[in-house]
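Visitor: Quick check, what structure comes out for this input:
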Amino acid sequence: MCHLRANALKTTLQLTSQLLWVVGVVVGVSGFFLYNNYRHTSLLFSESYIILPAAIVLASAVLSLIAGLLGTWISIQSTYCQQGLFVYLLVVIFCLQSTGLALAYFHSVKLDSDLAPVSDVFQKYNGSSKDPASETVDVAQHEFECCGVHNYTDWLETPWFNQSGGLWFPRSCCNSTFPSCSGSVDQPWLLYSQGCQEKLQMKFQFFLKFIFYGSLVVFLVEVVLLLLVGQIMKQPSPQFGYRVLEND
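Guide: A predicted model of the protein is given here:
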């Protein structure tokens, strides 16, 4: 009976460890995408702290991968040192995930204020690819498939629009499904209909919520792993690195 119970614990530990690194890596990937999107649109944010959840879950993903592999190895054979290292990694991941979760929630709530500079950056647009503000606006409109702050009519009130003759919108406003679009004010139906502020909010809100709920899943997996390791450490089986002492 004890042997069957030990095998069941090993199998469960192996599967749960694999689940840990899978979930950890998935959450880490969401952090990478959050950072990558921020990198191209950083001027549209009032502060850079929004990338902290991304950095934390990326670090956690690396440790989750290591812990998952170590947990799989422990399910085959282990020593006190390996078990202790495994528990230590779980505690560190727990701390990282809890921090990332809290920061993701915090920034998802204050995302509106984080995007406050969007209008100012659009007002600084001059159409030059060498200008940081102009490059940021063009990249945002192209990547997020948007035009203007709220919609394309926002361009009518920008200095660039008036200085350029008031005949064209930026080419980055053109909907990619219409190759013939030139940005002419006479063909507004060929432009993206949504504004960039709304699109940015939707995209970053998605990543932040994914990090938040993904971290909760990692918490649950870690709790199960800690319980399993605790049971394994109590097993007096040689398969787990223990030897029953006999009296002479």
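Visitor: Let's verify the most centrally placed residue in the chain: helix, strand, or coil?
Guide: Central residue of the chain (Cα atoms, centre = their mean): Gly31, 2.3 Å from the mean position. At Gly31 the chain is in helix, as set by DSSP: H, G, I helix; E, B strand; the rest coil.
Visitor: what's the next secondary structure element after the helix or strand of the chain with the lowest mean pLDDT?
Guide: Taking mean pLDDT, DSSP states H and E as the measure, the chain has helix 2-41 as its least confident helix or strand, at a mean of 76. Moving toward the C-terminus from helix 2-41, the next helix or strand (DSSP states H and E) is helix 52-74.
Visitor: avg pLDDT for that next one?
Guide: Helix 52-74 shows a mean pLDDT of 85.
Visitor: mind listing what's buried in that helix?
Guide: 52-54, 56-61, 63-68, 70-72, 74 (16 or more other Cβ atoms under 10 Å). Using the backbone N, CA and C atoms, a C-beta is placed for each residue, glycine as well.
Visitor: and what of stretch 85-92?
Guide: Quick answer for stretch 85-92 (16+ other Cβ under 10 Å): Leu85, Phe86, Val87, Leu89, Leu90.
Visitor: Could you export the residues you listed to a markdown table, including columns for pLDDT and distance to Leu20?
Guide: Converted to a markdown table, those look like this (pLDDT from 0 to 100; distance: Cβ to Cβ, whole Å):
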| residue | pLDDT | distance to Leu20 |
| --- | --- | --- |
| Leu85 | 82 | 15 |
| Phe86 | 79 | 11 |
| Val87 | 81 | 13 |
| Leu89 | 86 | 10 |
| Leu90 | 85 | 8 |
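Visitor: can you put those in a markdown table and add secondary structure?
Guide: A markdown table is the format used below for the buried residues of stretch 85-92 (three-state DSSP):
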| residue | secondary structure |
| --- | --- |
| Leu85 | helix |
| Phe86 | helix |
| Val87 | helix |
| Leu89 | helix |
| Leu90 | helix |
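Visitor: And the residues you listed, which two are furthest apart?
Guide: Using Cβ to Cβ, these span at most 9.8 Å, a distance reached by Leu85 and Leu90.
Visitor: so where's the chain uncertain?
Guide: 1-11, 13, 15, 75-80, 232-248 (pLDDT under 70).
Visitor: sorry, back to before: what angle separates the least confident helix or strand of the chain from helix 52-74?
Guide: 160 degrees (axes from the mean of the first three to the mean of the last three Cα atoms, to 10 degrees).
Visitor: Next, the buried residues of helix 2-41.
Guide: Quick answer for helix 2-41 (16+ other Cβ under 10 Å): 6, 9-10, 12-14, 16-17, 19-21, 23-24, 26-28, 30-31, 34-35, 37-38, 41.
Visitor: picking that back up, take the buried residues of stretch 85-92 and lay them out in JSON lines including distance to Gly165.
Guide: Formatted as JSON lines, the buried residues of stretch 85-92 follow (distance: Cβ to Cβ, whole Å):
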{"residue": "Leu85", "distance to Gly165": "68"}
{"residue": "Phe86", "distance to Gly165": "67"}
{"residue": "Val87", "distance to Gly165": "68"}
{"residue": "Leu89", "distance to Gly165": "62"}
{"residue": "Leu90", "distance to Gly165": "63"}
